[in-house]
Structure formats: structure tokens, C-alpha cells
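*Asks:* this is a predicted model, with the sequence first.
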Amino acid sequence: MGFVGGSQGPVQIVIVDADPVQRRIAAGHASMLSGAIAAPVAFATRAEAIGILARDKRAVVLADLETVGGAEALTVFSEGSSRVIATSARGSLNTAVAAMRAGAVDYLQKPFGAAALIERLEAAIKAWDTTASPEPGTPAKVQPAAAGLPQRQGFENFVGRSPAMLTVFEQIERIAPSRAPVFITGESGTGKEVCAEALHARSGRGAKPFIAINCGAIPKDLMESEIFGHVRGAFTGATETRAGAAELADGGTLFLDEIGEMDLGLQAKLLRFIQSGTVQRVGDAAVRRVDVRIVSATNRDPFAEIAAGRFREDLFYRLHVLPIHMPPLRERGQDILLLASAFLARYAAEEGRSFRGFAADAAERLICHPWPGNVRELQNAIRRTVVLNHGGEVTAAMLPATIRSAAQPVRMAEVPGPERQSVEPIMPFWEQERSIIESAVGAFAGNIARAAAALEISPSTIYRKRQAWQEKRTA
Ligand SMILES: Nc1ncnc2c1ncn2[C@@H]1O[C@H](COP(=O)(O)OP(=O)(O)OP(=O)(O)O)[C@@H](O)[C@H]1O
């Protein structure tokens, strides 16, 4: 192995576990470590993990004994300079002793919570740094990360370091300085507005205004005046002259959220504004030149909207110059626990509670939930958990029912035969459907009509399904 004892380069956390849920949980916990730590990597077999160790200088290997084939198999990791922490769900004192004899620096009984894992990983890293001989003048502790993206916990107001989000951060950095329009797609709650704000902050226009307009929330007949302004007396209720969002954003960024909801007539006016760079207040003959960078977003499929005649194709191609897609939360792996911890810290501080992270059962539920409402749903779930509980370690029982009650996923280790390769945690269809619907109802504070509209189903479908689930429970 390549470790040479210096404090150069980030420490690599390597997880070896055949169970995909355990891999994601451990990677999620490990990604909360601060300091010069590379994004954790996880493998289902010992052979794959050995491959990366040969290339890495400093690594802490979290090895599941059932996966690697027992304590004796640890020597392959520990004979080099990596540090090994053994884990087991079936372990006893004897197992722990055997693991230490085989060179492990520590032993952790499963299931383990975030706090326990982080504590053991930190101890392994710290012991390493104090035994390494630092360069003169280099403090013997974990150094802040080099400026590269992979070591960051997030970017602007984003929390996240999954590969999917690192790609988004790189895109934002690259396109932010341009004046060309940006078109952000992604499901509801994935952070499209956070993305627009990050583009603004990195654009060189950061000192000028960022003006956001939600095209879905403003009544159709007020929308034109919201964007372009009006003069006094232009329509009933226009008691004074007002500049619109486009003028207010002069020199900065105009963010048009839910652009797919904009009325077709207004879409034509928006197109004229983009082509001419001038605005005309409602009821005014004068035209004013403005310099704005337009960022639009939608959670609908823009091509389907064009095909259905609800989105002008010419406008779309004007707006869709620099596309960014926000990945759904379920595709961000370890970011789920990173975000959950950030929200836990934020809301615990706000509510004056002391929470100590997530217990293993809670982490597993968070990792397995499909998060149809994405980051917003996670944020709401953690806020509810903090408000309704007193503190300590968050257990699965403290989580909202929709997240807590989903069926236990199928574990890869429990699936026999060749299917093992391709099986990821799977919940029964009705449970997934229930989770999606109940999350939507929760996101709209119990308003079934609004949840149904967002899901594009009828309210009676929700009532009918709820009735069926109720009968299933009482059967
Ligand atoms: N990566 C992230 N890190 C921290 N907070 C986030 C992240 N992504 C989203 N959020 C938070 O989640 C909430 C929803 O984000 P946002 O409003 O940007 O989503 P959206 O995609 O614009 O949603 P919608 O389509 O419903 O308008 C906000 O409170 C935002 O601050």
C-alpha cells in the first residue's frame, strides 16, 4: 500500500459491506466528517476495496466482518498503512478481540449510529496524524481540505457532496459569469431556487438585486404588472405607479420560477422583452432598457408542455440556452444524511433542543425513503421531528409516520442467487404510492385538493386510496 506517513492529501474512508443499505448509511455518516476527508467510497466486496487501497495513501477501512470473510481476512487491509475498523452485526467480545489481533484499530457493533461511527473514525484519523511526523511548522491534526470541490460539504447555500451534486456545482461555476439565460429543470423541492441564487452569487452581478417571481403563485391578470410594472390608473386597483420585477432586477438576475405555469399571452410579451431588452409598464407608452440575466425553472417536462401547446417553443429556445438539471434527492445517496444532519442542527438551535444525530434505525429509514418531495420534504420531516421531540439521538420512532411506516426494504444480503447483483432496496408498490401521496399531502399542510393538483390526480383518488390503506391495516 502506498501510505508514506506524511500528512499530504485527504484521508479516504473506504466502506466494505455487502448490504447496500448499510453502505449508504455508513457513507452518509462518514460524509459528515470535517477536515481533509475525501468523499467516502463504498464497495460490496473485499476484492473491490483492495483495488482502491493500492492507489490511496491514507485510508480508514470500515470493514464488515461477514462481508470480508471473518477477522483473519482483515490482515490484507491492515498489513499496509491503512487503519481498519471492523464491524459486525453478529459479533461478540471474541469477535472484537480477533479483529484487533488481525490488525484492526477498533471494533464497532452493528447497528451503529452516526455519533458512534464519527467518533471512531475521528479517533482513527487523529491517532494517525499524531503518529505521522509532520513537516516542521505543520500542526499535527487534520488539515483543512484543499480547495477542490470533492472535499467541500456544499456550495453556496447547497449542502451536498454526492457525485450528482458535484456535477451541478461545477456547472454553476462554469456558467455563472455568462449573461446567457439559464433553464433549470428538476422535481419540486430539489433546490432550483437555491441553484438560481448560487448562479447569481457567482455571476459578478451579486451586488445587484436577485428578484424571484413565482409564475404559478400570482394570479394570471396580475402577472404582467408583476413582471413589467404599471402606471397609476392602468387598471382597477392600480393606485400608484410601480416598477415591475424586470426593472427591479436591473444589473442583476430575474428568476422566473415555475415558468411552465405562465399564461400564453404573457409568454409572447416575455419573448419580446428578451428580444428587445426593453420593458414597457402596463398603461405606459415609454420603453425602458434593462440589463438582466434571466434564470427560469420548471418542475414539468418542458418538451411535453411544448407538445401540449402550453409552452411556446420559440420562448423555450430563448430561455433554454444553458440548461441545468437538479437531481432528485433519492439519487444523491449520502447527501440525504448530510442534509438531515444540517437541518437537525439548524432546527435544534432554533427550537433550543439538543439532538445528537441519528440512530441507526432512523438513518436507515431516511436512506430508504423515496423522498417524492425531495429536499423540501426532508426539511419538513426534520423540522417536525425536532418540534415534536425533546432531544437525544433521533430514532425511527420519532420520524413522521410516512417515513417511519414504510415496509422494511429487501436487503441484498437476504436475496439468494444471481438476483443479488441487481437488487436494490425495494418497497411494495402500494407502500411507495402511499409514501408519495402522504408526502404530498404533508407538503400542502393537509390540503388534499392542492396535493391532488400537484400530483395531477383527482382528490377522490386520494380519498379512495386512503380508505384502501386503512382497510389493509385493519384487515
Ligand atoms: N442542497 C440543498 N442544501 C440545503 N438546502 C436545500 C438544498 N436544496 C434545497 N434546499 C432547501 O429546500 C427547500 C426547497 O428548495 P427550493 O425552493 O430551491 O426547491 P425548488 O426546486 O425551487 O422547489 P419548487 O419546484 O417547489 O419551487 C428550500 O428551503 C431550500 O433552501
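*Replies:* Received the coordinates, thanks. Being a predicted model, the structure only gives us computed values, none of them experimental.

*Asks:* residues contacting the residue of the chain found nearest the ligand?
*Replies:* The chain approaches the ligand most closely through residue 191 (2.8 Å), counting by CB to the nearest ligand atom. To be clear about C-beta, it is placed using only N, CA and C from the backbone, and glycine gets the same treatment. By CB atoms under 8 Å, 6 or more residues apart in numbering, the contact list for residue 191 reads 158, 326, 374-375.

*Asks:* which stretches of the stretch 101-250 of the chain form strands?
*Replies:* 106-109, 154-155, 158-159, 182-185, 210-214, 229-230, 242-243 (DSSP state E, counting those that start in this stretch).

*Asks:* is it possible to get TSV of those strands that adds mean neighbour count, mean pLDDT and distance to the ligand?
*Replies:* Shown next, in TSV, are the strands of the stretch 101-250 of the chain (neighbours: other CB atoms under 10 Å; pLDDT from 0 to 100; distance: least, CB to the nearest ligand atom, whole Å):
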stretch	mean neighbour count	mean pLDDT	distance to the ligand
strand 106-109	20	87	29
strand 154-155	18	84	6
strand 158-159	21	94	4
strand 182-185	23	96	8
strand 210-214	19	94	7
strand 229-230	23	93	24
strand 242-243	16	92	24
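
*Asks:* which of these sits closest to residue 166?
*Replies:* The closest of those to residue 166 is strand 154-155. By CB to CB, the value is 8.5 Å.

*Asks:* the ligand contacts on the chain?
*Replies:* 158-160, 186, 188-194, 257, 299, 339, 375-376, 379 (CB under 6 Å from any ligand atom).

*Asks:* give me the contacts around stretch 164-174.
*Replies:* The contact list for stretch 164-174, computed with CB under 8 Å, 6+ apart, reads 149-150, 152, 155-156, 158, 195, 198-199, 202, 324-327, 331-332, 335.

*Asks:* send me it as CSV with only the CA atoms.
*Replies:* Output in CSV follows, covering the C-alpha atoms of stretch 164-174 (Å, rounded to 0.1, in the frame of the first residue of the first chain):
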residue,chain,number,x,y,z
ALA,A,164,-24.6,14.2,-8.8
MET,A,165,-24.4,17.4,-6.9
LEU,A,166,-20.7,18.0,-7.6
THR,A,167,-21.6,17.9,-11.2
VAL,A,168,-24.2,20.6,-10.6
PHE,A,169,-21.8,22.8,-8.6
GLU,A,170,-19.2,22.5,-11.4
GLN,A,171,-21.9,23.5,-14.0
ILE,A,172,-22.9,26.5,-11.9
GLU,A,173,-19.3,27.7,-11.5
ARG,A,174,-18.7,27.4,-15.2
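
*Asks:* please state the offset of that stretch from the chain centre?
*Replies:* From the chain centre to the centre of stretch 164-174 is a distance of 13 Å (CA atoms, centre = their mean, to the nearest Å).

*Asks:* list the buried residues for that stretch?
*Replies:* Using 16 or more other CB atoms under 10 Å as the test for burial, stretch 164-174 gives 164-166, 168-169, 171-172.

*Asks:* off-centre distance for stretch 179-194?
*Replies:* Centroid displacement of stretch 179-194 relative to its chain, using CA atoms, centre = their mean, is 14 Å.

*Asks:* nope, stretch 275-288 is what I meant
*Replies:* Centroid displacement of stretch 275-288 relative to its chain, using CA atoms, centre = their mean, is 40 Å.

*Asks:* would you mind pulling the contact partners of that stretch?
*Replies:* The list of residues contacting stretch 275-288 from outside it, by CB under 8 Å, 6+ apart, reads 224-225, 228-231, 233-235, 238, 241-244, 246-247, 273, 289-291, 318.

*Asks:* are any of the residues you listed buried, and which?
*Replies:* 224-225, 228-231, 234, 238, 242-244, 246-247, 273, 290, 318.

*Asks:* of these, which belong to helices?
*Replies:* 224-225, 228, 246-247, 273, 318 (DSSP state H).

*Asks:* and the chain, what are its domains?
*Replies:* 12-131, 163-325 (automatic domain parsing).

*Asks:* residue 202 is in contact with residue 176, correct?
*Replies:* Yes. The pair residue 176 / residue 202 is scored as a contact, 3.6 Å apart, by CB atoms under 8 Å.

*Asks:* so for those two, which residue has more residues nearby?
*Replies:* With neighbours defined as other CB atoms under 10 Å, residue 176 and residue 202 compare such that residue 176 has more, 21 against 18.

*Asks:* list the contacts for the more buried one?
*Replies:* Contacts for residue 176 (CB under 8 Å, 6+ apart) come out as 198-199, 201-204.

*Asks:* and it, how far from residue 170?
*Replies:* Noted for residue 176: a distance of 11 Å to residue 170, by CB to CB, to the nearest Å.

*Asks:* now render the buried residues of stretch 164-174 as CSV, adding pLDDT.
*Replies:* Formatted as CSV, the buried residues of stretch 164-174 follow (pLDDT from 0 to 100):
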residue, pLDDT
164, 89
165, 91
166, 89
168, 94
169, 94
171, 94
172, 95
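
*Asks:* helices - which of the residues you listed land there?
*Replies:* Per DSSP H, the subset of those in helices is 164-166, 168-169, 171-172.
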